[in-house]
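S.K.: missing the sequence, but the structure's below:
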């Protein structure tokens, strides 16, 4: 599987139990990214992703300054 997130998988990427990556050798629950986003939002922040299929993905967490 190519690096990056397929365009068809991006709309639901932050949903709980979303498991788009079928190339993993171990199964997951699809909770990691949704939990990360909830934690960022609980601190008045945000989690976003930019992805190019075949190149890779960049996840950015933004939190307010103290």
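M.R.: Now that the structure is in, tell me what you want to look at. Note that the structure is a prediction, hence the values are computed from the model and not measured.
S.K.: what about residue 53, distance to residue 35?
M.R.: 25 Å (CB to CB, to the nearest Å). C-beta here means a position set from N, CA and C on the backbone, and glycine is covered the same way.
S.K.: Helix, strand, or coil at residue 60?
M.R.: Three-state call for residue 60 (DSSP: H, G, I helix; E, B strand; the rest coil): strand.
S.K.: one step back: neighbour count: residue 53 and residue 35, which is higher?
M.R.: residue 53 (15 against 12; other CB atoms under 10 Å).
S.K.: Dead centre of this protein: give me the residue that sits there.
M.R.: With distances taken as CA atoms, centre = their mean, the chain has residue 33 as the residue nearest its mean C-alpha position (4.5 Å).
S.K.: Quick check: that residue touching residue 13?
M.R.: Yes: contact status for residue 33 versus residue 13: in contact at 6.4 Å, counting by CB atoms under 8 Å.
S.K.: ok, back up a step: which element is the residue nearest to the centre of the chain on?
M.R.: helix 32-42 (DSSP states H and E).
S.K.: burial of residue 57, as a residue count?
M.R.: The burial count for residue 57: 14, using other CB under 10 Å.
S.K.: In a strand, it, correct?
M.R.: Yes: counting by three-state DSSP, residue 57 is located in a strand.
S.K.: Flag the shaky bits of the protein, pLDDT-wise.
M.R.: 1, 18-30 (pLDDT under 70).
S.K.: Name the residues linked to residue 48 by a beta bridge.
M.R.: Beta-bridge pairing for residue 48 (DSSP bridges): residue 60.
S.K.: Name all residues that make contact with it.
M.R.: Contacts of residue 48 were listed using CB atoms under 8 Å, 6 or more residues apart in numbering, and they are 59, 60, 62.
S.K.: Was I right to think the second one contacts residue 51?
M.R.: Read it as residue 60. No: the pair residue 60 and residue 51 fails to qualify as a contact (CB under 8 Å) at a distance of 11.6 Å.
S.K.: who's more crowded, these two?
M.R.: Applying other CB under 10 Å to residue 60 and residue 51 shows that residue 51 carries more neighbours, namely 18 against 10.
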